[in-house]
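**Q** What shape does this take:
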Amino acid sequence: MTTSNAESSARESICAYGKSIFDRGLTSGSSGNISVRLEDGWLMTPTGVSLARLDPATLTRLDGGGQRVSGAPPTKECSLHLAIYATRPQEQAIVHLHSTYSTAVSCLDGIDRDDVLPPLTAYYVMRIGKLPLVPYFPPGDAALAQAAARLAGHSKALLLANHGPVVAGASLEAAVDAIEVLEQTARVYLLLRGANVRTLTDAEVRRLR
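**A** As a prediction, this is how the structure comes out:
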């Protein structure tokens, strides 16, 4: 199978961002997965492989119908990625992590399921906007993909209950940037719990959006 220059570049970028994400402690073990849309399909990180040790040559290559055509078997969250792409055809990349602070927030009881985090900072509002909570389903479950797809039409970022964040972007760089902002905001949110907090006002949020 001939690999285009665009696909070769995407393969290198996935591996470089994966290693950066792992090295900075944003995911651990073999958790987390990345995908990029191509003109005629997708690239995805393989199942059971640490983001720190990705090989451009063995990334999963899917055709336009979501069938594997080369590379190792895809992440168990393949159906989750494809469901979000189907709902958000404008997005070019998706990053899903088990990052510490976002995952901690996903385990809290009593959070706003329609928009988990309050508007604490301007960058959170601009990069994330709204963060719905997807109900818990086991990783890789088809019901998880279906539930995420129902909410993805209203937000490019989702928080999977008792699991972690998933963010889509117009590019891989944009998706990585946004999920990093989400993780930092989750950390700030947890640090502020129990304190009197000033969130951005509705007018301030409208102006940013």
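
**Q** Show me the shaky parts of the chain.
**A** Counting by pLDDT under 70, the chain contains low-confidence ranges at 1-2.

**Q** report the longest helix in it, please.
**A** Identified as the longest helix of the chain according to DSSP state H is helix 172-192.

**Q** now for that helix, which elements pack on it?
**A** Helices and strands touching helix 172-192, by 3 or more Cβ pairs under 8 Å, 6 or more residues apart in numbering; DSSP states H and E, are helix 5-23, strand 93-96, helix 100-106, helix 122-127, strand 157-160, strand 164-169. All C-beta atoms are positioned from the backbone trio N, CA, C, and that covers glycine.

**Q** Next, the angle from that helix to strand 164-169.
**A** Put simply, helix 172-192 runs at 140 degrees to strand 164-169, going by axes from the mean of the first three to the mean of the last three Cα atoms, to 10 degrees.

**Q** Distance check, the closest residue in space to Ala122 that isn't next to it in sequence against Pro119.
**A** Leaving aside its sequence neighbours, Ala122 sits nearest to Leu208 (Cβ to Cβ, 6 or more residues apart in numbering; 5.6 Å). Shown here: Leu208 relative to Pro119, a distance of 8 Å by Cβ to Cβ, to the nearest Å.

**Q** Now for the residue nearest the centre of the chain: which residues touch it?
**A** Central residue of the chain (Cα atoms, centre = their mean): Val166, 2.5 Å from the mean position. Val166 is in contact with Leu80, Ile84, Ile94, Val95, His96, Leu97, Ala148, Ala157, Leu158, Leu159, Leu160, counting by Cβ atoms under 8 Å, 6 or more residues apart in numbering.

**Q** Export those as TSV, with columns for neighbour count.
**A** Putting these into TSV (neighbours: other Cβ atoms under 10 Å) gives the following:
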residue	neighbour count
Leu80	30
Ile84	24
Ile94	28
Val95	32
His96	29
Leu97	26
Ala148	24
Ala157	26
Leu158	26
Leu159	27
Leu160	24
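
**Q** can those residues go into a markdown table with extra columns for distance to Thr47?
**A** A markdown table is the format used below for the contacts of Val166 (distance: Cβ to Cβ, whole Å):
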| residue | distance to Thr47 |
| --- | --- |
| Leu80 | 13 |
| Ile84 | 18 |
| Ile94 | 16 |
| Val95 | 16 |
| His96 | 13 |
| Leu97 | 16 |
| Ala148 | 18 |
| Ala157 | 23 |
| Leu158 | 21 |
| Leu159 | 22 |
| Leu160 | 17 |
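
**Q** how many other residues sit next to Ala168?
**A** Using other Cβ atoms under 10 Å, Ala168 has 27 neighbouring residues.

**Q** next one: Thr58
**A** For Thr58, the count of nearby residues is 15 (other Cβ under 10 Å).
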